[in-house]
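**Student:** Have a look; sequence and predicted model below, questions after that.
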Amino acid sequence: MTIQRIKPGSRFASAVCHQGVVYVAGQVASDPKEDAAGQTRQVLATIDRLLADAGTDKTRILQATVYLADMVDYAAMNSVWDAWVVQDKLPARATVEAKLAAPQYKVEIVVIAAQSD
Amino acid sequence: MTIQRIKPGSRFASAVCHQGVVYVAGQVASDPKEDAAGQTRQVLATIDRLLADAGTDKTRILQATVYLADMVDYAAMNSVWDAWVVQDKLPARATVEAKLAAPQYKVEIVVIAAQSD
Amino acid sequence: MTIQRIKPGSRFASAVCHQGVVYVAGQVASDPKEDAAGQTRQVLATIDRLLADAGTDKTRILQATVYLADMVDYAAMNSVWDAWVVQDKLPARATVEAKLAAPQYKVEIVVIAAQSD
């Protein structure tokens, strides 16, 4: 079996690994009462945990897609992102505005990462 | 040639295979007069056919991105999704709201799948 | 090191290569005063340059995601896209409406490409 699933739920898995690449499901804040910066912090912490479960970390992210419910939160999201990423290990990224599964969610992030350098 | 294209049109291919991974183009309903559940059923049936053309199936989807024209259809889409996915073979997934190429389309789904386990 | 970054900035890299696949960051127009067709032309020219930096080209794109700030520009974007793609080398594609990082941007395109046939 070359396909491995991490934290499968009833609807989707939190991450799926295949041929050295891990596809992480879109992550939102577990406590959406926080503001955009706080929600981004929660989302990135969850991504850190899922990447660790896949035997890798944020220095090996290949592609990130950031969905913001309102682009007004672009600077707030970036302030947390900038402090989180490792400067010589940056991923490709796209950021677009999209409403999320529930109105309290301000940010959702999807990443694809390598499992080794 | 390690890149294989499935059902190429004039603008894009329905799917492209490379190194054991198949990238399926965003699929919408062929009959958009149906409601969100019906359109989701059509989209997933098309994805089933394209995955079969690529020698694989829904048990090997790595990542799914679901675009809903209106998040009000989240439950309707999920009811069809939940009946379609295989419980111990779940993909990673993200669902966001985005208007689609024409107003009659309520759901578009993109998947990346492995061609073997 | 199997992960190579192209034009890393302070926030993300313009492209990241891994195991023969290049993930290009979301590209927008450098001169957003142009209309949707002009912006699409700029975006695709930037993608051409980044793919060249990664040792590949548009004939090896596996997946493209096109974000339009307003779907009214679908035909204008497609007119430029259709002239750019190579007819027997088409990628999979999805196009959805999403507001972008700043209101002057009309189109953003993300691609994943193979580095060799």
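**Tutor:** Okay, I see it.

**Student:** Name the residue of chain A that lies nearest to chain B.
**Tutor:** Nearest to chain B in chain A, going by CB to the nearest CB, is A:G26, at a distance of 2.8 Å. Every C-beta, even on glycine, is put in place using the N, C-alpha and C of the backbone.

**Student:** Identify the residue spatially nearest to that residue, adjacent ones excluded.
**Tutor:** B:A94 (2.8 Å; CB to CB, 6 or more residues apart in numbering or on different chains).

**Student:** Report the secondary structure state of the one you found.
**Tutor:** Secondary structure, DSSP: H, G, I helix; E, B strand; the rest coil: B:A94 is strand.

**Student:** I'd assumed A:E108 was in contact with it.
**Tutor:** Yes: judged on CB atoms under 8 Å, B:A94 makes contact with A:E108 at a distance of 6.5 Å.

**Student:** okay, and the common contacts of the two?
**Tutor:** Common contact partners of B:A94 and A:E108 (CB atoms under 8 Å, 6 or more residues apart in numbering or on different chains): A:26, A:67.

**Student:** Helix or strand: which one has A:Y74?
**Tutor:** Assigned by DSSP states H and E, A:Y74 belongs to helix A:74-84.

**Student:** Low-confidence ranges, chain A, go.
**Tutor:** Scanning chain A for pLDDT under 70 picks out the ranges A:1.

**Student:** which bits of it sit near chain B?
**Tutor:** A:1-3, A:5, A:8-16, A:18-19, A:21, A:23-26, A:65, A:67, A:98-101, A:108, A:110, A:112 (CB under 8 Å from any CB of the partner chain).

**Student:** Give me the ChimeraX select line for the residues you listed, limited to the buried ones.
**Tutor:** What follows is the ChimeraX syntax selecting those of the residues of chain A next to chain B that are buried according to 16 or more other CB atoms under 10 Å in any protein chain shown:
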select /A:3,5,8,12,13,14,15,16,18,21,23,24,25,26,65,67,98,99,100,101,108,110,112
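
**Student:** Bridged to the one residue sitting closest to the centre of chain A, which residues?
**Tutor:** With distances taken as CA atoms, centre = their mean, chain A has A:I109 as the residue nearest its mean C-alpha position (3.9 Å). The partner list for A:I109 in beta bridges (DSSP bridges) reads A:Q27, A:V66.
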